[in-house]
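A.B. asks: Pasted the sequence and its predicted model underneath.
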Amino acid sequence: MSHASPHTATDQHPGHGHGHAAHQAHAHSHPFRHDADGEAEILDLDAAVLAEHIASITAALPLTADPRHIVDLGCGTGTGTFALLDRFPGAEVTAVDSSADHLRRLREKADGRGVADRIRTVRADLDAEWPELGAPELVWASASMHHMADPDRTLRAVHDLLVPGGLFAVVELSGFPRFLPEDAPAERPGLEERSHAASERHHAEQVPHRGADWGPMLAEAGFTIEDHRTITVHLDRSHSDAVGRYALQSLLRMRDTVVQNLSAEDLAAYDRLLDTEGPQSILNRDDLAVRTERTVWAARRRD
């Protein structure tokens, strides 16, 4: 459980090697390493690019009172944690993740922001036995529920964790974000859509709950759905200096799941986009935009 932001590309199994000679040949041209540091980098980029949308989600939660204790399940490097602390200045957050590196980075950020006294970090695998997490009024799970081995068990555990009347906010991505125009790149138009199709085939097997409708499962676990909305994101490059790096790191991570299913011509064009020292680097494009959707369920414990 190391996925906190409303997107994220960490779905692309960041620990796996690329395993392709053409890519390895110019790996030095990629400024971000494809490892734990790279995974944290993309979570941080996601937070920077989508900060306004995350804030809008926290502001719209149907709470009857500001929570004092919040649990962030699968907190990553703190995207949701810090948005919730900003939204609820009287609250403390218990941030839970399986990655010691992510939790270390979160604590470093907390120190820099002066909010370390409002955060407790807990390293845990939520598919195993749950640690003691207190009795929160709000539980937040962004881009993490679809990674659970037994989602029904997790939903029941969250229900029992919350105080009576407490709220569970589930934020899930509809799929991997898009960045390129449909007619790009010029030599292989539609490359991104073909890459997404290949990635979706992979995830249908590896992450079967991604894209699930959590409403019926939440109701079965004893929750009442109080809000259900889909948020459309479309941000062009002028929105943030981080968009180019976000696109680069995201496509780099997706490569593992598409490499076996793209033609040689498509893969060569894909790698030209990733080559930061080449003329076709995605960092050199001024037509990038972040296009994605995320769905929010706000569910209340009934008793």
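C.D. replies: Right, received. Where do you want to start?
A.B. asks: Can you tell me the number of residues neighbouring D287?
C.D. replies: D287 has 11 neighbouring residues, counting by other C-beta atoms under 10 Å. From N, CA and C alone the C-beta is placed, and that goes for glycine too.
A.B. asks: next one: the one 3 residues further on
C.D. replies: A total of 24 residues lie near V290 under the criterion other C-beta under 10 Å.
A.B. asks: hang on, V158 packs against F168?
C.D. replies: Yes: with contacts counted by C-beta atoms under 8 Å, V158 reaches F168, the gap being 5.3 Å.
A.B. asks: Now do the shared contacts for these two.
C.D. replies: Residues touching both V158 and F168 (C-beta atoms under 8 Å, 6 or more residues apart in numbering): 139, 141.
A.B. asks: Quick check: phi and psi at the closest residue to E265 other than its chain neighbours.
C.D. replies: Closest residue in space to E265, ignoring its immediate chain neighbours: R188 at 6.3 Å, by C-beta to C-beta, 6 or more residues apart in numbering. Backbone torsions for R188, taken as degrees, to the nearest 10, come to phi -140, psi 70.
A.B. asks: R188 and E200, how far apart?
C.D. replies: Distance, R188 to E200, by C-beta to C-beta, to the nearest Å: 19 Å.
A.B. asks: So those two - more neighbours on which side?
C.D. replies: R188 (19 against 15).
A.B. asks: so that one sits right up against A264, yeah?
C.D. replies: No: look at R188 against A264 with C-beta under 8 Å: they stay out of range, at 11.0 Å.
A.B. asks: show me where this structure has strands.
C.D. replies: In the chain, the strands defined using DSSP state E lie at 69-73, 92-97, 119-123, 138-142, 167-173, 223-236, 289-301.
A.B. asks: could those strands be laid out in a markdown table, adding distance to G80 and mean pLDDT?
C.D. replies: Output for the strands of the chain, formatted as a markdown table (distance: least, C-beta to C-beta, whole Å; pLDDT from 0 to 100):
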| stretch | distance to G80 | mean pLDDT |
| --- | --- | --- |
| strand 69-73 | 5 | 98 |
| strand 92-97 | 9 | 97 |
| strand 119-123 | 12 | 98 |
| strand 138-142 | 5 | 97 |
| strand 167-173 | 8 | 94 |
| strand 223-236 | 15 | 94 |
| strand 289-301 | 12 | 94 |
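A.B. asks: To E108, which of these lies closest?
C.D. replies: Evaluated over the strands of the chain, closeness to E108 peaks at strand 119-123, with 11.0 Å, by C-beta to C-beta.
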